[in-house]
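Student: This is the structure alone, sequence omitted:
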């Protein structure tokens, strides 16, 4: 793949737009300061197209300009989907064939996070983005614990339900609460279960970085825009997919 | 027969029918609430009598005292008689000393009888009455200040949120927001607070996605906004949350510290926080009686139904909840001008005619509750991170607000679901509101939907569905002897969440009143 740069209206023009606020009263100097920032960020030439005082001592800017940076898509690292996307019917059939029982999913929002919108989008039958939620899958038993579940409660519910997979949603990110909570959760599961028996741990939320699974001690991180079908397919792939050596051994 | 003409072709008989049904569904709940008390109602009573502060571990003295009384004599008589009986017996010079001694285990409480009960009741009434007088003084102070510095210049009132977690950071942000044009400042609460069975004490500097509601935080913020109100020549209102397990106490503190609006929904805690239904309805009634007395405007939470359910399919649940909230509010003594009934702009923008549907729903609310301020909530579910599209959506939200005479408009942020609002987000959002109000604020004069048209038909349809739902609830007998609304909540009628009356958080804080139960706060608040 070839190197690329931003596109405004002509190939290779490198045009970008940027908006920001500087803590300075609006003046010619303020506009110059905005240009200086844009220049330092690599925009050259940079054009302040809008500057407006905001509150006392602040000015808001919109800047257009050209960058000369090139990006190389071939060096970008992302978590690509490494499992096949299944329809609910295919997922159900795979579970039936492989587990010969319903696969149990326990989910909730941990910590003080009261935003169930994410976990509900994945679990509730209503679903998200036109896809039905996991409750719709006949071969999935879904236990949605809702909001503000403590980690011990989550572990206990997972044991009680004999969970195959645990789904945790985190929306609130203040003071990195989502990362702290996730680490606490994965540690609690490692402590409560022998490694081979531990349920699959999946976290999701709009501000997660999908490459952080290892660092957070979970099996998968899903970010913004994930659909129920993707989550179901991942769970089925890992728990009811083609047999792995690990499973043969057990 | 006032207002015989309906812009939406609604039959007045249907409106009366809807209200009758709401009363029939609500009345058994009020009866239930009157038969019970809760730990938080009792603690609120102690707070009104002037007991504040906390022990060195941060447990409020009202909790320490109420817990000991409960352990000694149970909750069913209320704490007032045992507490003031102990004071009259010389167990402590004042409430604080008594609470400290009780916590140390050196006081035993009893339920006084005969003359002792009379004397204890009278002493309790005097002490609690002083707190209610303080609430009355604060109400007068608000009215005086509005008369002196002026009120918000126009409707809707512009409602902006601060949420740093640190009260000392919130204050300058709130003052800046007021200078930028906010008529109402809401201090978002820390996410965990609704499930705390005590009210934290003092000025707080740490919270998650919000700041703890405490008496001291209320006082600090109100004082700061009084200063700003004088500077700007218009009274800036302050909002917080009377919700969760400590709803009655927070309502009392709000009255004492002159907050102006409180979020206070009849079913939100049950459905979205899994708080026990009976606990909620008992706490609810007491908190609303306090709000009525304090001249506080309540904001109900119907917008939340639409964040979990589909905004078209569930439109009638909003109407149903508004009717129930209205009934419970009026029963508790609130007047129309105090009813900020909630609704929201949450229909998927990809749906054809989504704007017309929003307009229909908002007009229906306006027509059903002509004298209530109504609180109009901006889109959140379909704010995607495409801030440009979000800005347009907020513009259409503002337009519906302008066309339907909303009383309170929560300003939508284009960075909803991206970041907590930046200074520029707030400024751009206010520009959006100002442009729409300036350009189309009087459009209501000209805009009359055709009676057979899409908008009027849709409004009638939603009202019809709300009436059907209320009838269905009234007929719910799935738990014999239980108020039908409790059964309906247990069945998952609202927001798809099943909440049985014998489950949920805070149930152990509920007690059925004994025959000698006495609560001076309720007695005073129910006197006309």
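Tutor: That came through fine. This one's a predicted model, so the numbers in the text were calculated from it and none came from an experiment.
Student: in the chain, which helix or strand is least confident?
Tutor: Assuming you mean chain A. The helix or strand of chain A with the poorest confidence is helix A:245-249; it has a mean of 38 (mean pLDDT, DSSP states H and E).
Student: try again with chain B
Tutor: Per mean pLDDT, DSSP H and E, bottom of the list for chain B is helix B:303-308, a mean of 76.
Student: what does chain B have sitting close to chain A?
Tutor: Contacts of chain B with chain A, taken as C-beta under 8 Å from any C-beta of the partner chain, map to B:165, B:176, B:179-180, B:190-192, B:194-195, B:208-209, B:272-274, B:307-310, B:381, B:385, B:417, B:420, B:422-424, B:427-428, B:496-497. All C-beta atoms are positioned from the backbone trio N, CA, C, and that covers glycine.
Student: So, low pLDDT: which residues of chain A?
Tutor: Applying pLDDT under 70 to chain A flags the ranges A:1, A:113-114, A:126, A:242-250.
Student: max-length strand in it?
Tutor: Longest strand in chain A by number of residues, with DSSP state E as the criterion: strand A:43-53.
Student: Next secondary structure after it?
Tutor: Reading on from strand A:43-53 to the C-terminus, the next helix or strand found by DSSP states H and E is strand A:59-67.
Student: Now do the contacts for the residue in chain B positioned nearest to chain A.
Tutor: Proximity to chain A, evaluated over chain B using C-beta to the nearest C-beta, is greatest for residue B:192 at 3.6 Å. Contact analysis of residue B:192 by C-beta atoms under 8 Å, 6 or more residues apart in numbering or on different chains lists A:112, A:148, B:208.
Student: Can you tell me which of those residues is nearest residue B:513?
Tutor: Closest approach between those and residue B:513, by C-beta to C-beta: residue A:148, at 30.4 Å.
Student: tally of neighbours for the closest one?
Tutor: 22 (other C-beta atoms under 10 Å in any protein chain shown).
Student: Test my guess that it contacts residue A:112.
Tutor: Yes: the criterion here is C-beta atoms under 8 Å, and residue A:148 meets it with residue A:112 at 6.1 Å.
Student: Could I get the contacting residues of the residue lying closest to residue B:435 once chain neighbours are set aside?
Tutor: For residue B:435, ignoring the flanking residues on the chain, the nearest one in space by C-beta to C-beta, 6 or more residues apart in numbering or on different chains is residue B:395 at 7.7 Å. With contacts defined as C-beta under 8 Å, 6+ apart, residue B:395 is in contact with B:432, B:435, B:436.
Student: Can you turn the buried part of these into a PyMOL selection?
Tutor: Selecting the buried subset of the contacts of residue B:395 in PyMOL, with 16 or more other C-beta atoms under 10 Å in any protein chain shown as the burial test, is done by:
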select buried, chain B and resi 432+436
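Student: pull the longest helix from the chain.
Tutor: Picking chain A for this. Criterion DSSP state H: the longest helix present in chain A is helix A:177-192.
Student: Chain B, not that one
Tutor: With secondary structure taken from DSSP H, chain B has its longest helix at helix B:114-149.
Student: elements contacting the longest strand of chain A?
Tutor: helix A:28-40, strand A:59-67 (3 or more C-beta pairs under 8 Å, 6 or more residues apart in numbering or on different chains; DSSP states H and E).
Student: Residues contacting the longest one, please?
Tutor: The set of residues external to helix A:28-40 that reach it, using C-beta under 8 Å, 6+ apart, is A:18, A:20, A:22, A:24, A:44, A:46, A:48, A:51, A:59, A:61, A:63, A:65.
Student: From what I see, the first one and residue A:60 are in contact.
Tutor: No: between residue A:18 and residue A:60 there is no contact, the gap being 11.6 Å when judged by C-beta under 8 Å.
Student: who's more crowded, the two?
Tutor: residue A:60 (22 against 16).
Student: surely that one meets residue A:54?
Tutor: Yes: between residue A:60 and residue A:54 there is a contact at 4.8 Å, judged by C-beta under 8 Å.
Student: Now chain A against chain B: closest residue?
Tutor: residue A:112 (3.6 Å).
Student: Quick check: buried residues in the longest helix of chain A?
Tutor: Applying 16+ other C-beta under 10 Å to helix A:177-192 flags A:177, A:178, A:179, A:181, A:182, A:185, A:186, A:188, A:189, A:192 as buried.
Student: What helices and strands are in contact with it?
Tutor: In terms of contacts (3+ C-beta pairs under 8 Å, 6+ apart), helix A:177-192 is packed against helix A:151-160, strand A:165-169, strand A:200-204, helix A:213-216.
Student: Next, the buried residues of the longest one.
Tutor: This means helix A:151-160. Neighbour-count burial for helix A:151-160, counted by 16+ other C-beta under 10 Å, picks out A:151, A:154, A:155, A:157, A:158.
Student: what's the fourth one in contact with, if anything?
Tutor: When you say that, I think you mean residue A:157. Residues near residue A:157 by C-beta under 8 Å, 6+ apart: A:106, A:108, A:143, A:145, A:149, A:163.
Student: how much space between it and residue A:108?
Tutor: 8 Å (C-beta to C-beta, to the nearest Å).
Student: so what sits against both of those two?
Tutor: With C-beta under 8 Å, 6+ apart as the test, residue A:157 and residue A:108 both reach A:145, A:149.
Student: For stretch B:217-227, give me every contacting residue.
Tutor: Contacts to stretch B:217-227, defined as C-beta under 8 Å, 6+ apart, come from residues B:145, B:167, B:170-171, B:174-175, B:178, B:185, B:187, B:203-204, B:211, B:236-238, B:240, B:253-254, B:257-259.
Student: Would you point out which residue is most central in chain A?
Tutor: By C-alpha atoms, centre = their mean, chain A has its centre lying nearest to residue A:223, at 1.3 Å.
Student: does residue B:289 really touch residue B:525, like I thought?
Tutor: Yes: counting by C-beta under 8 Å, residue B:525 is a contact partner of residue B:289 at 4.2 Å.
Student: overlap in contacts of those two?
Tutor: With C-beta under 8 Å, 6+ apart as the test, residue B:289 and residue B:525 both reach residue B:333.
Student: picking that back up, among the contacts of residue B:395, name the ones in strands.
Tutor: Short answer: the contacts of residue B:395 have none in strands (DSSP E).
Student: how about the contacts of residue B:395 in a markdown table, adding pLDDT and distance to residue B:482?
Tutor: A markdown table is the format used below for the contacts of residue B:395 (pLDDT from 0 to 100; distance: C-beta to C-beta, whole Å):
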| residue | pLDDT | distance to residue B:482 |
| --- | --- | --- |
| B:432 | 97 | 47 |
| B:435 | 97 | 51 |
| B:436 | 97 | 47 |
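Student: Just name the closest of the contacts of residue B:395 to residue A:12, please.
Tutor: Of the contacts of residue B:395, the one sitting nearest to residue A:12 (C-beta to C-beta) turns out to be residue B:432, at 35.6 Å.
Student: helix or strand for the residue nearest to residue B:112 when sequence neighbours are not counted, which one?
Tutor: In space, and not counting its chain neighbours, residue B:112 is closest to residue B:85: 4.0 Å by C-beta to C-beta, 6+ apart. Counting by DSSP H and E, the element that carries residue B:85 is helix B:80-88.
Student: Which among the contacts of stretch B:217-227 count as buried?
Tutor: For these, a neighbour count by 16+ other C-beta under 10 Å gives the buried set as B:145, B:167, B:170-171, B:174-175, B:178, B:185, B:187, B:204, B:211, B:236-238, B:240, B:253-254, B:257-259.
Student: Walk me through the domains of chain A.
Tutor: Domain assignment for chain A by automatic domain parsing gives A:15-73, A:88-249.
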